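>>> Sequence plus the predicted model coming up.
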Amino acid sequence: MHKGRLYVFTGPSGAGKGTVLHRLLDEVPGLSLSVSATTRVPRPGEQDGVHYYFISKQAFEQKIAENAFLEYAEYVDNYYGTPERPVEEQLAAGRDVILEIEVQGAMQVHRKRPDAVMVFLAPPSLEELDARLHGRGTESEEKIRQRLETARRELEYQRNFAHIVVNDTVDHAVALLKALILHNRTENNPEAACSR
Ligand code: 5GP
């Protein structure tokens, strides 16, 4: 059986990664989204084990010591990390796996797994990002300011990514990503590409 491919999907907070990915998961069979662990508190409606594994700082640091993460990073005062084992299991089962993570973690995966497909989702502009973060209404003004400051730094990393998708419209971004995944599947395994 062919192993699945690992996709790293990154971009500043507010670029629309979540929206684009959920459409992609609905439209492309055979894709799994990795569930990260975080020390951030859940937002209203977020469920443990679905959106994230919400764990304490102490539990997170224990997992770092056990080498349980494929990558992890500190982002705006919290830890975020990708549990490695489920990713391995899904890939071994032939499913493509998507990590939706920030830039520092993405660069760690790039070094560890040179075969990972690196995708950067960029907002059309910083002004648009600002408007989206305010529109979402989930963060305080101070947290939004920190996220925008981080976004400015993250945008400088774009050049390290093989694929840069500008999220001008969700339809457009989803169409480009679908094309990328289907292209990779055809290259990997011409017969299975159509049947998955
Ligand atoms: P949020 O707090 O908005 O859910 O996520 C903040 C940032 O952390 C986003 O850019 C998100 O992509 C990133 N993130 C989520 N999970 C992980 C992870 O497992 N590792 C890393 N490095 N970043 C993550």
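On my side now, so go ahead. Computed from a predicted model, the values in this text were never measured in an experiment.
>>> give me every residue that touches the residue of the chain found nearest the ligand.
Ranked by C-beta to the nearest ligand atom, the top residue of the chain for proximity to the ligand is residue 105, at 2.3 Å. From N, CA and C alone the C-beta is placed, and that goes for glycine too. By C-beta atoms under 8 Å, 6 or more residues apart in numbering, the residues touching residue 105 are 10, 71-73, 80-82, 99.
>>> Now render the residues you listed as JSON lines, adding neighbour count, pLDDT and distance to the ligand.
Formatted as JSON lines, those follow (neighbours: other C-beta atoms under 10 Å; pLDDT from 0 to 100; distance: C-beta to the nearest ligand atom, whole Å):
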{"residue": "10", "neighbour count": "27", "pLDDT": "95", "distance to the ligand": "7"}
{"residue": "71", "neighbour count": "23", "pLDDT": "98", "distance to the ligand": "6"}
{"residue": "72", "neighbour count": "22", "pLDDT": "98", "distance to the ligand": "6"}
{"residue": "73", "neighbour count": "18", "pLDDT": "98", "distance to the ligand": "4"}
{"residue": "80", "neighbour count": "22", "pLDDT": "98", "distance to the ligand": "4"}
{"residue": "81", "neighbour count": "24", "pLDDT": "98", "distance to the ligand": "5"}
{"residue": "82", "neighbour count": "24", "pLDDT": "98", "distance to the ligand": "4"}
{"residue": "99", "neighbour count": "20", "pLDDT": "98", "distance to the ligand": "7"}
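>>> in the chain, which spans are helices?
For the chain, the helices defined by DSSP state H cover 17-27, 57-65, 84-92, 103-112, 126-136, 141-155, 170-188.
>>> helices and strands of the protein: which one bottoms out on pLDDT?
helix 126-136 (a mean of 89; mean pLDDT, DSSP states H and E).
>>> Quick one: check it for contact with the ligand.
No - Helix 126-136 lies apart from the ligand when judged by C-beta under 6 Å from any ligand atom; the minimum separation is 9.1 Å.
>>> quick one: buried residues of that helix?
Using 16 or more other C-beta atoms under 10 Å as the test for burial, helix 126-136 gives 129-130, 132-133.
>>> Show me which residues of the protein are close to the ligand?
13, 17, 36, 40, 71-73, 75, 80-82, 100-102, 105.
>>> Please flag which of those residues sit within strands.
For the residues of the chain next to the ligand, the ones inside strands are 71-73, 75, 80-82, 100, with DSSP state E as the criterion.
>>> Could you work out the most separated pair of these?
Farthest pair in these (C-beta to C-beta) is 72 and 100. Separation: 14.1 Å.
>>> now stretch 161-170: how far from the chain's centre is it?
Centroid displacement of stretch 161-170 relative to its chain, using C-alpha atoms, centre = their mean, to the nearest Å, is 13 Å.
>>> And that stretch, what's buried?
161, 165-167.
>>> For residue 57, give its distance to residue 63.
11 Å (C-beta to C-beta, to the nearest Å).
>>> between these two, which one's more packed in?
residue 63 (18 against 10; other C-beta atoms under 10 Å).
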